[in-house]
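Asks: could you work out the structure for the sequence below:
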Amino acid sequence: MVRMLRPFARAVTYTRWLHLLVAIVWPSMWLFVQEAWWTQATAALLLGLAGLVPATRLVEGFQARLLLTGRRHGSESAEIVATPSVTWADRGRTVVWLEARLCLGWIVAHLSVQLPLLAVDLLTTGLGLGPVADGLVPVEENRWWHAVLAPVPLILFLVVVVWSGHLITALAERLLGPSPAERLAALEERTEQLLERTRIARELHDSIGHALTVAVVQAGAARAAGDPAFTDRALGAIEETGRAALEDLERVLGVLRESEKPVNGRPALTDADRLLESARASGAKVDAEVTGPVDTVPGPVSREGYRILQEALTNVLRHAGAVPVRVRVQVAAGTLVLAVRNPLTEPVPGPGRGSGLRGIRERAALLGGLARTGPDEGDWQVHVELPLS
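Replies: Modelled structure (predicted):
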């Protein structure tokens with residue numbers, strides 16, 4: 001019983017009913033001019049012509065969202081769209097929607113008036129106040145049991161209100177829903193948003209993770225050394241790394257605040273020296289070899305290459321500590337090669353430990369490159385090849 005009464009406690013039940021009644025307001029005005037079949041036919045014809053106007057779909061979609069689903073124009077809704085018609089198929093579906101809404105509106109409006117009147121007629125004749133010849137069903141005799149039947153039309157009226165609302169909502173989702181082209185565009189936009197969020201997550205992981213790793217290593221080394229001069233150098237390295245991380249964080253937050261704003265000023269391979277110096281300041285013995293015109297590497301490849309190199313050095317400091325590291329950056333034959341090797345100082349971790357190596361492989365794959373990570377002849381290697389074209 002509670003489940004049956006639940007729809008009557010929802011505001012959308014009554015807004016759907018109102019949506020159907022609004023559809024026949026202006027056609028009903030024609031009946032005051034002349035009650036003839038051609039007046040209603042003319043109203044239906046004008047409504048069909050209005051459906052061919054692109055803006056009609058926008059208005060109808062907005063109204064249907066608000067009254068049938070309770071959603072506003074700015075909210076996300078995959079069922080009903082509020083955009084102008086683009087193709088003739090959109091216009092055709094809008095015409096069918098307007099005509100179907102008009103017909104269903106006439107039926108619902110007629111029943112909404114006649115069923116309550118029938119309940120009054122039954123109650124009147126049941127109380128012996130006289131027969132009623134007009135109405136949906138003529139009640140021409142006084143019968144006491146008419147009063148018992150009086151609630152039945154009211155129950156039917158409530159059923160009409162609920163089920164007509166479900167029917168018009170289903171029609172709206174079918175006729176005012178997104179076209180295949182709009183679904184494809186929405187899917188592409190959603191994919192772009194997911195890719196952007198993934199990229200931002202990688203940016204935060206790489207920049208903040210690198211800064212925290214350097215800070216932890218430097219602080220531990222300074223405490224163990226007990227040398228004031230070394231402590232000063234360690235604090236300076238922590239300060240510089242933290243400042244760079246704050247700049248990266250501000251850029252990423254700027255992207256989140258302004259989704260339309262492009263990312264500018266992201267570090268590239270030409271800024272790799274500060275990564276190498278940061279690793280050296282943390283105690284790692286970095287042997288770097290850079291060959292080829294690094295400054296000619298395309299922007300996207302250069303920026304992703306910087307992040308890959310940053311993550312590789314962060315992993316060295318985090319898992320191996322102050323060990324010799326061989327870094328090779330080579331630009332030749334239309335390919336950027338990044339190679340980082342260091343001795344293994346602890347057992348190789350199992351799969352699924354952290355997202356850094358997965359991020360390196362994802363960055364390489366997005367650019368059409370290849371990435372190999374893992375043990376190799378007693379060393380741990382990160383070897384990445386990125387096409388420049």
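Asks: and for A23, the neighbour number?
Replies: Neighbourhood size, A23 [other C-beta atoms under 10 Å]: 23. C-beta coordinates here come from the backbone N, C-alpha and C atoms, glycine included.
Asks: what sits against it?
Replies: Contacts for A23 (C-beta atoms under 8 Å, 6 or more residues apart in numbering) come out as R101, L102, L104, G105.
Asks: remind me which helix or strand V329 belongs to.
Replies: V329 is part of strand 324-332 when elements are defined by DSSP states H and E.
Asks: after that strand, which helix or strand is next?
Replies: With elements assigned by DSSP H and E, the helix or strand that comes after strand 324-332 is strand 335-343.
Asks: what is that following strand packed up against?
Replies: Using 3 or more C-beta pairs under 8 Å, 6 or more residues apart in numbering; DSSP states H and E as the contact criterion, the elements in contact with strand 335-343 are helix 299-315, strand 324-332, strand 379-387.
Asks: hang on, the earlier thing: from the chain's centre, how far out does the strand holding V329 sit?
Replies: A distance of 40 Å separates the centroid of the chain from that of strand 324-332, by C-alpha atoms, centre = their mean, to the nearest Å.
Asks: now stretch 5-21
Replies: Averaged over its C-alpha atoms, stretch 5-21 has a centre that lies 29 Å from its chain's centre (C-alpha atoms, centre = their mean).
Asks: what's the mean pLDDT across that stretch?
Replies: Averaged across stretch 5-21, pLDDT comes to 85.
Asks: likewise for stretch 242-262?
Replies: 64.
Asks: how much space between Q114 and L18?
Replies: As defined by C-beta to C-beta, to the nearest Å, Q114 lies at a distance of 18 Å from L18.
Asks: actually, A64.
Replies: For A64, the distance to L18 equals 12 Å [C-beta to C-beta].
Asks: the more surrounded of these two?
Replies: A64 (27 against 12).
Asks: element containing the more buried one?
Replies: helix 54-64.
Asks: and what of G177?
Replies: Using DSSP H and E, G177 is not contained in any helix or strand.
Asks: neighbours around it, how many?
Replies: Quick note: G177 (other C-beta under 10 Å) scores 16 neighbours.
Asks: cool, L58 as well?
Replies: For L58, the neighbour count with other C-beta under 10 Å is 17.
Asks: separation between the closest residue to P84 other than its chain neighbours and V95?
Replies: Among residues not flanking P84 along the chain, P54 sits closest, at 4.0 Å (C-beta to C-beta, 6 or more residues apart in numbering). According to C-beta to C-beta, P54 and V95 sit 12 Å apart.
Asks: helices and strands of the protein: which one bottoms out on pLDDT?
Replies: helix 25-33 (a mean of 64; mean pLDDT, DSSP states H and E).
Asks: show me what the helix or strand following that helix is packed against.
Replies: Moving toward the C-terminus from helix 25-33, the next helix or strand (DSSP H and E) is helix 37-51. With contacts taken as 3+ C-beta pairs under 8 Å, 6+ apart, helix 37-51 sits against helix 25-33, helix 88-126.
Asks: redo those as JSON lines? Include distance to L336 and mean neighbour count.
Replies: As requested, those are exported to JSON lines (distance: least, C-beta to C-beta, whole Å; neighbours: other C-beta atoms under 10 Å):
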{"stretch": "helix 25-33", "distance to L336": "67", "mean neighbour count": "12"}
{"stretch": "helix 88-126", "distance to L336": "47", "mean neighbour count": "18"}
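Asks: okay, now the domains of this structure?
Replies: Per automatic domain parsing, the structural domains of the chain span 2-178, 184-387.
Asks: run the chain-centre distance for the last one.
Replies: Right, domain 184-387. 29 Å.
Asks: where does the residue most central in space within the chain land in three-state SS?
Replies: Geometric centre of the chain, nearest residue: R190, 5.5 Å, by C-alpha atoms, centre = their mean. Look at R190: counting by DSSP: H, G, I helix; E, B strand; the rest coil, its state is helix.
Asks: next, the contact list for it, please.
Replies: Per C-beta under 8 Å, 6+ apart, neighbours of R190: none.
Asks: just the pLDDT at E385, thanks.
Replies: The model's pLDDT for E385 equals 92.
Asks: that one against A333, yeah?
Replies: No. Using C-beta atoms under 8 Å, E385 makes no contact with A333, being 10.4 Å away.
Asks: and the two? Which one has more around it.
Replies: E385 (17 against 8).
Asks: surely T69 and I168 touch.
Replies: No. With contacts counted by C-beta under 8 Å, T69 stays clear of I168, the gap being 11.2 Å.
Asks: the two: which has the busier surroundings?
Replies: Between T69 and I168, counted using other C-beta under 10 Å, I168 has the larger neighbour count: 24 against 18.
Asks: distance from the chain centre to the host helix or strand of that one, please.
Replies: Using DSSP H and E, I168 sits in helix 151-175. How far helix 151-175 lies from its chain's middle: 32 Å, per C-alpha atoms, centre = their mean.
Asks: got the angle for it vs helix 88-126?
Replies: Per axes from the mean of the first three to the mean of the last three C-alpha atoms, to 10 degrees, the angle that helix 151-175 makes with helix 88-126 is 180 degrees.
Asks: in helix 151-175, which residues are buried?
Replies: Within helix 151-175, the residues that count as buried by 16 or more other C-beta atoms under 10 Å are 153, 157-158, 160-162, 164-165, 168-169, 171-173, 175.
Asks: repeat for stretch 283-293
Replies: G283, A284, V286, A288.
Asks: which residue sits closest to the first one in space, ignoring its chain neighbours?
Replies: In other words, G283. Nearest residue to G283, sequence neighbours excluded (C-beta to C-beta, 6+ apart): A322, at 3.2 Å.
Asks: now do the same for that neighbour: helix, strand or coil?
Replies: coil.
Asks: my guess is it contacts A221. True?
Replies: Yes. Counting by C-beta under 8 Å, A322 does reach A221; the two are 7.4 Å apart.
Asks: okay, and the common contacts of the two?
Replies: S282, G283.
Asks: which of the two has more neighbours?
Replies: Higher neighbour count among A322 and A221: A221, with 20 against 16, using other C-beta under 10 Å.
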